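Q: Give me a 3D structure for the following:
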Amino acid sequence: MKLPPGAKILSAQDGMTLVELPQHPKRRYPLWDIEALRKDQEHAQDKIDSFTEAIEDLQKLIAERQEQIATCEERDREIAAWERKYGNAQLRAG
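A: All right, here's what the predicted structure looks like:
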């Protein structure tokens, strides 16, 4: 009797031979669906792209607000200086 590659004879008696075959690949590997995995991978990449875009938009907003804050601080300094200089001035006509 010629055995397939990787097979082993476990016992032989009374004209019967018990043979152990190598493990079937279905039992060695997960039974994942390739298309489902690809779709999941694409979905994850789409989320990353969406989050990246949202982060970039928020970074632009932060930069814009920082410029606006700087303008407001300059305004407040100018107002305070003007009020110190002219706030109590008593102007008289004539």
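Q: The residue most central in space within the chain is in what secondary structure piece?
A: Among the residues of the chain, the one closest to the centroid is residue 48, at 4.5 Å (CA atoms, centre = their mean). In this assignment (DSSP states H and E), residue 48 forms part of helix 34-86.
Q: how far does that helix sit from the chain's center?
A: Here helix 34-86 is found 18 Å from its chain centre; the criterion is CA atoms, centre = their mean, to the nearest Å.
Q: repeat for stretch 29-43
A: 18 Å.
Q: Give me the mean pLDDT for that stretch.
A: Averaged over stretch 29-43, pLDDT sits at 95.
Q: again, but for stretch 8-25
A: Stretch 8-25 comes out at a mean pLDDT of 83.
Q: Then stretch 55-69?
A: 98.
Q: got the buried residues for that stretch?
A: Within stretch 55-69, no residue is scored as buried using 16 or more other CB atoms under 10 Å. From N, CA and C alone the C-beta is placed, and that goes for glycine too.
Q: could we number from 7 for the rest of this?
A: Let's use 7 as the start, then, which means that last one is stretch 61-75.
Q: Restrict it to CA atoms and write it as PDB.
A: What follows is stretch 61-75, C-alpha atoms only, in PDB (Å, rounded to 0.1, in the frame of the first residue of the first chain):
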ATOM      1  CA  ILE A  61      -8.500  66.800  12.000                       C
ATOM      2  CA  GLU A  62      -7.100  69.000   9.300                       C
ATOM      3  CA  ASP A  63     -10.300  71.100   9.400                       C
ATOM      4  CA  LEU A  64     -10.000  71.500  13.100                       C
ATOM      5  CA  GLN A  65      -6.400  72.400  12.900                       C
ATOM      6  CA  LYS A  66      -7.300  75.200  10.400                       C
ATOM      7  CA  LEU A  67     -10.000  76.400  12.800                       C
ATOM      8  CA  ILE A  68      -7.600  76.500  15.700                       C
ATOM      9  CA  ALA A  69      -5.100  78.600  13.600                       C
ATOM     10  CA  GLU A  70      -7.900  80.900  12.600                       C
ATOM     11  CA  ARG A  71      -9.100  81.300  16.100                       C
ATOM     12  CA  GLN A  72      -5.500  82.000  17.300                       C
ATOM     13  CA  GLU A  73      -5.300  84.900  14.800                       C
ATOM     14  CA  GLN A  74      -8.600  86.200  16.000                       C
ATOM     15  CA  ILE A  75      -7.600  86.000  19.600                       C
END
